[in-house]
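Asks: Sequence and predicted model, in that order:
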Amino acid sequence: MEKAIERQRVLLHHLQPLPPSSSSHASLSASACLAGDSAAYQRTSLYGDDVVIVAAQRTALCKAKRGSFKDTYPDELLAPVLRAVIEKTKLDPSEVGDIVVGNVLGSGSQKATEFRMAAFYAGFPDTVPIRTVNRQCSSGLQAVADVAAAIKAGFYDIGIGAGLESMTTSPRGWKGSVNPKVKKFEQAQSCLLPMGITSENVAHRFGVSREEQDQAAVDSHRKAASATASGKFKDEITPVNTRIVDPKTGEEKPITVTVDDGIRPSTTLSGLAKLKPVFKKDGSTTAGNSSQVSDGAGAVLLMKRSVAMQKGLPILGVFRTFAAVGVDPSVMGIGPAAAIPAAVKAAGLELDDIDLFEINEAFASQFVYCRNKLGLDPEKINVNGGAIAIGHPLGATGARCVATLLHEMKRRGKDCRFGVVSMCIGSGMGAAGVFERGDSVDELSNVRKVE
Amino acid sequence: MPVFKAPFNGYSVKFSPFYESRLAVATAQNFGILGNGKIHVLELSPGPPGVTESVSFDTADAVYDVSWSESHESVLVAAIGDGSVKIYDTSLPPPSNPIRSFQEHAREVHSVDYNPTRRDSFLTASWDDTVKLWAMDRPASVRTFKEHAYCVYQAVWNPKHGDVFASASGDCTLRIWDVREPGSTMIIPGHDFEILSCDWNKYDDCVLATSSVDKTIKVWDVRSYRVPVAVLNGHGYAVRKVKFSPHRRSLIASCSYDMSVCLWDYMVEDALVGRYDHHTEFAVGIDMSVLVEGLMASTGWDELVYVWQQGMDPRAS
């Protein structure tokens, strides 16, 4: 560091015409700038010890209980994406140091066993371990962050961060009785609020109108429909071969699911305006401007950069930072507004440096609030639609967003360098991760077009 | 015109003396203050994209300068921030490079210049106040020239006399040396402020130019060095590098912390004959092709390397 200060001193003298023998005070000094603590120019890429993403895949997201996955076992949703990231990279599955799967609903122990079974279905040998993580709606992102952290810590070099939610099969709701003590702790009590009520709270407390919310829903469907129509999701969606039972005839037939089935291109403001609020009589949160209840899975293959380079794998993205921040449980939807600045700051960046956002649309109310609160450019957020159109399979959403973000950044090329994935978390939290576009996803030419 | 975007900040650019389409670029992370360095070898091509990288070499510290060998077409020498001098064979892949590394300078090596007449040796100038003379086949430096009292920013061989060179230092002097003599043969206290760069006229072996933190370029004749032959005013900040044209006797190119690249004719009254504002950060590296008349290259802290024909807009595509 002393060397750097000395170098800076020599260079500053060039800008400040004083003979080197003079000892007068400097009128010019170096100050912290956009490069922050040099974070935008991490020293690690040469040493190869930063964590990169070489594959990110997801299943299509389908409506719970009615969609294409209504008769699919949860482990059969997870296995295809686990297999896909291995097949995409031609990696030997025995080299994977750990698989971490985000999951929210259902019995933790049963899920952990189910996932272990899914790994076998996907072709992993028994030597590869697997575990679950539950940070509610950010579980998928938390899984990716956990793997990145473990790689940084040196526990292993290659890992998979995944997410799965089968909202068809997993019941929601509280088991057993609630500790009566909760009445004495207002914020603990707020943790028990239905998510829809917290959405109404956000809309009410921060003045997000019904029109704004419905508009966000229309935009989400429009963008998702156009992304699907133009085949943008093809790269990130792993087809799932499964079966579906016809509810009328009881006939079972095999299907291959490749598209999200919740997107309604025909959604209009006037159509949404007719819907009644679900959670509160005079409220503004409707089925139309809330996220969909879905089934789906996602998986992200991470490894140390040196390993990726040694294997000659194209680097899709670089994992930069992750932050989870708590907020008042009664307005849990504001989580991203707290978490995004924290994660971006930790990356040594500023909000303006971020070129693309995937912010989970749990509810249009909280999505609109976070967007406005942070003053983000709507053109940079959920460019291919969000959970209102595509769906929100709780534990899978984080992994789904990482896949969508990185594939979009790849399409956008060099001009799209940093991206953020963020979501609110039930019981009052927000999580956000900062990703950098991989440097080897462009064609072998780094010449900038000059106007 | 071809533009190359480097991952790090540009520090120096040099045309190959053997191939008109080849050039080498020295770059450093974080403006050369802290971090890695990278050397890029670029190939110009007639069609788009105009320039492609043929090979690059990573270094653990900033690369401040490169110089092509005058005897081997694929060899280049790099001046590294950690005080080392490294030799690369660009025909070999990165794992086989560098082919040689000399660790003698106590501080940042800021310039390197291959001897164009004897073709067997090169000079390095360092912030440790010394200039060192090296020969390819020697395991250590041949000689160390220690007279300057502050950073030596550049040392350049005379284009005619294989034993004579000049050195520019932050101690505000320009010194002329003959390697056969024990000490410097001439001391020119050329500027009141740090001298950052110097170069010899390619047609008159007695004329040289210096550039300084005082924003000026001065042209000197060693036969009457008390007063400069010309003083070129026009840059708004320190002039980082100065370079005589290999094709026109009185033409000088310069680049500056004012972000511009300028062309001067020191023999006419309105000396400033061209100004290029294509860089968006400090312009610190410049070169003129020996093989193609009028072909110029520049680099700067905006991470861009421009190659263009004199009189054209470097940004025009």
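Replies: Great, that's in hand.
Asks: Which of the residues in stretch B:99-112 are classified as buried?
Replies: B:102, B:104, B:105, B:107, B:108, B:109, B:110, B:111, B:112 (16 or more other Cβ atoms under 10 Å in any protein chain shown). (Each C-beta comes from the backbone N, C-alpha and C, glycine too.)
Asks: what's the answer for stretch B:79-96, then?
Replies: Quick answer for stretch B:79-96 (16+ other Cβ under 10 Å): B:79, B:80, B:81, B:82, B:83, B:84, B:85, B:86, B:87, B:88, B:89, B:90.
Asks: Quick one: residues contacting the closest residue in space to residue A:426 that isn't next to it in sequence.
Replies: In this structure, residue A:426 finds its nearest non-sequential neighbour in residue A:136, 4.6 Å apart by Cβ to Cβ, 6 or more residues apart in numbering or on different chains. Residues near residue A:136 by Cβ atoms under 8 Å, 6 or more residues apart in numbering or on different chains: A:104, A:394, A:425, A:426, A:427, A:429.
Asks: out of the residues you listed, which are inside helices?
Replies: Among these, DSSP state H puts none in helices.
Asks: Out of those residues, who's the most crowded?
Replies: residue A:394 (32 neighbours; other Cβ atoms under 10 Å in any protein chain shown).
Asks: Just want to check the distance between it and chain B.
Replies: Relative to chain B, residue A:394 is positioned 39 Å away (Cβ to the nearest Cβ, to the nearest Å).
Asks: list the contacts for that residue?
Replies: So residue A:394 contacts A:104, A:105, A:136, A:137, A:139, A:165, A:167 (Cβ under 8 Å, 6+ apart).
Asks: still on that earlier bit, as CSV, the buried residues of stretch B:99-112 with distance to chain A, secondary structure and pLDDT would be great.
Replies: As requested, the buried residues of stretch B:99-112 are exported to CSV (distance: Cβ to the nearest Cβ, whole Å; DSSP: H, G, I helix; E, B strand; the rest coil; pLDDT from 0 to 100):
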residue, distance to chain A, secondary structure, pLDDT
B:102, 19, strand, 94
B:104, 17, coil, 95
B:105, 13, coil, 96
B:107, 8, coil, 95
B:108, 7, coil, 96
B:109, 13, strand, 97
B:110, 9, strand, 97
B:111, 14, strand, 97
B:112, 18, strand, 97
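Asks: what's the closest of these to residue A:367?
Replies: Distances from residue A:367 to the buried residues of stretch B:99-112, taken as Cβ to Cβ, are shortest for residue B:108 (51.1 Å).
Asks: re the thing from before, of all the buried residues of stretch B:79-96, which two lie farthest apart?
Replies: The widest separation within the buried residues of stretch B:79-96 (Cβ to Cβ) is 22.9 Å, between B:83 and B:90.
Asks: mind checking pLDDT for the residue nearest to residue A:426?
Replies: Per-residue pLDDT puts residue A:136 at 95.
Asks: any idea how far it is from chain B?
Replies: 39 Å.
Asks: One more: residue A:149?
Replies: From residue A:149 to chain B the distance is 24 Å (Cβ to the nearest Cβ).
Asks: Downstream of the least confident helix or strand in chain B by mean pLDDT, the next helix or strand is which one?
Replies: Lowest mean confidence among the helices and strands of chain B (mean pLDDT, DSSP states H and E): strand B:3-5, at a mean of 91. Counting by DSSP states H and E, the element after strand B:3-5 in chain order, helix or strand, is strand B:9-15.
Asks: Spatially nearest residue to residue 129, not counting backbone neighbours?
Replies: Using chain A here. Using Cβ to Cβ, 6+ apart, the nearest residue to residue A:129 is residue A:98, at 5.3 Å.
Asks: Oops, wrong one, chain B.
Replies: Residue B:129 sits nearest to residue B:148 (Cβ to Cβ, 6+ apart), 4.8 Å away.
Asks: Which of the buried residues of stretch B:79-96 fall in strands?
Replies: With DSSP state E as the criterion, strands contain B:79, B:80, B:84, B:85, B:86, B:87, B:88, B:89 from among those.
Asks: Between those, which sits nearest chain A?
Replies: residue B:80 (12.7 Å; Cβ to the nearest Cβ).
Asks: The least confident helix or strand of chain B - contacts with which helices or strands?
Replies: strand B:51-59, strand B:304-309 (3 or more Cβ pairs under 8 Å, 6 or more residues apart in numbering or on different chains; DSSP states H and E).
Asks: Near chain A, which residues of the stretch 201-317 of chain B? Just list them.
Replies: B:213, B:214, B:215, B:237, B:238, B:240, B:257, B:304, B:315, B:317 (Cβ under 8 Å from any Cβ of the partner chain).
Asks: re the thing from before, need the contact list for the residue nearest to residue A:129.
Replies: Residue A:98 neighbours (Cβ under 8 Å, 6+ apart): A:128, A:129, A:130, A:131, A:147, A:150, A:155, A:156, A:159, A:160.
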